[in-house]
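Chemist: sequence plus the predicted model coming up.
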Amino acid sequence: MIKDASIYFLDGCGRCDLFATDLCKARKWSEPLHVLREILLATGLHEEVKWGQPTYTLKGKNVAMLFAFKHACGISFFKGVLLRDDGKLLVPAGENSHVARLLKVTTRSEVEKAAHWIRTYLEEAISLEKSGVKIPKPNKQLQVPESLVKKLDQDAALKHAWDALTPGRQRSFVLHISAAKQEQTQYNRIEKCIPKIFAGKGFNEY
């Protein structure tokens with residue numbers, strides 16, 4: 001996994017076998033990602049790498065993260081649910097996403113067209129972080145095993161990928177992982193499921 005953010009824009013995050021190949025999603029969306037990075041850096045946020053992704057922080061607190069998915073790239077706002085979204089450009093990270101909101105783009109021109117709103121969202125996100133506002137805890141309907149909850153809490157990139165799954169796909173992983181009685185066995189199953197989660201697939205999909 002990479003430690004230098006600059007490498008991400010050239011070769012990707014280093015989390016999978018596509019690293020430093022033309023199939024890497026970060027390479028696919030290289031041009032719009034570079035423009036988004038310029039906008040993010042202009043805010044004064046600190047750029048660092050967390051979970052293999054360029055992450056932008058304020059005094060150690062996560063504000064935004066760049067992402068590169070199969071069909072789009074963009075910015076993920078950690079407390080996006082609190083943003084006003086006057087530009088109507090933000091979408092939930094997934095059907096069950098409570099907190100994160102994504103701003104998706106596919107071209108440099110889309111970034112340039114939305115630049116005003118992107119800066120507005122970032123200014124608001126920074127203000128929210130400075131205020132110390134807390135996110136209300138969601139009502140969890142899906143009984144996710146504690147082992148998976150811990151893993152998602154430790155890995156923000158995986159959490160974003162998990163939130164992007166449909167409820168049915170999430171359920172398929174929950175059933176598979178929960179079927180193991182031993183905690184270590186559950187962790188082993190989680191590790192084997194990670195590539196499919198990042199690929200946006202359910203447990204039984206190939």
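Modeler: Looks like it came in fine. Numbering: from 1, shown residues only.

Chemist: CA atoms for contacts and neighbours, from now on please.
Modeler: Noted.

Chemist: so residue 102 makes contact with residue 91?
Modeler: Yes: assessed by Cα atoms under 8 Å, residue 102 is found in contact with residue 91 at 5.2 Å.

Chemist: now the helix or strand containing residue 111: how far from the chain's centre is it?
Modeler: Here residue 111 sits within helix 108-131, counting by DSSP states H and E. Distance of helix 108-131 from the chain centroid (Cα atoms, centre = their mean, to the nearest Å) equals 17 Å.

Chemist: residue 102 and residue 91: which is more packed in?
Modeler: Neighbours per residue (other Cα atoms under 10 Å) separate residue 102 from residue 91, with residue 102 holding more: 24 against 17.

Chemist: per-residue pLDDT, the closest residue to residue 173 other than its chain neighbours?
Modeler: Residue nearest to residue 173 in three dimensions, not counting chain neighbours: residue 203, with 5.5 Å by Cα to Cα, 6 or more residues apart in numbering. We have a pLDDT of 91 for residue 203.

Chemist: could you do residue 75 as well?
Modeler: Here the pLDDT value assigned to residue 75 is 98.

Chemist: longest single strand anywhere in the chain?
Modeler: strand 61-68 (DSSP state E).

Chemist: and the angle for that one with helix 108-131?
Modeler: For strand 61-68 against helix 108-131, the angle by axes from the mean of the first three to the mean of the last three Cα atoms, to 10 degrees is 160 degrees.

Chemist: would you mind putting the CA coordinates of the helix or strand that strand 61-68 is followed by into CSV?
Modeler: Next along the chain after strand 61-68, taking DSSP H and E as the criterion, comes strand 73-77. Taking Å, rounded to 0.1, in the frame of the first residue of the first chain, the C-alpha atoms of strand 73-77 are listed here in CSV:
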residue,chain,number,x,y,z
CYS,A,73,-14.0,9.2,-9.5
GLY,A,74,-14.4,12.2,-7.1
ILE,A,75,-14.4,13.4,-3.6
SER,A,76,-15.9,11.7,-0.6
PHE,A,77,-16.9,14.0,2.3
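
Chemist: ok, which stretches of this structure are helices?
Modeler: For the chain, the helices defined by DSSP state H cover 5-11, 25-28, 30-42, 108-131, 146-154, 156-163, 167-178, 183-198.

Chemist: if we look at stretch 13-22, which residues are touching it?
Modeler: 1, 2, 7, 10, 11, 12, 24, 26, 27, 28, 52, 53 (Cα atoms under 8 Å, 6 or more residues apart in numbering).
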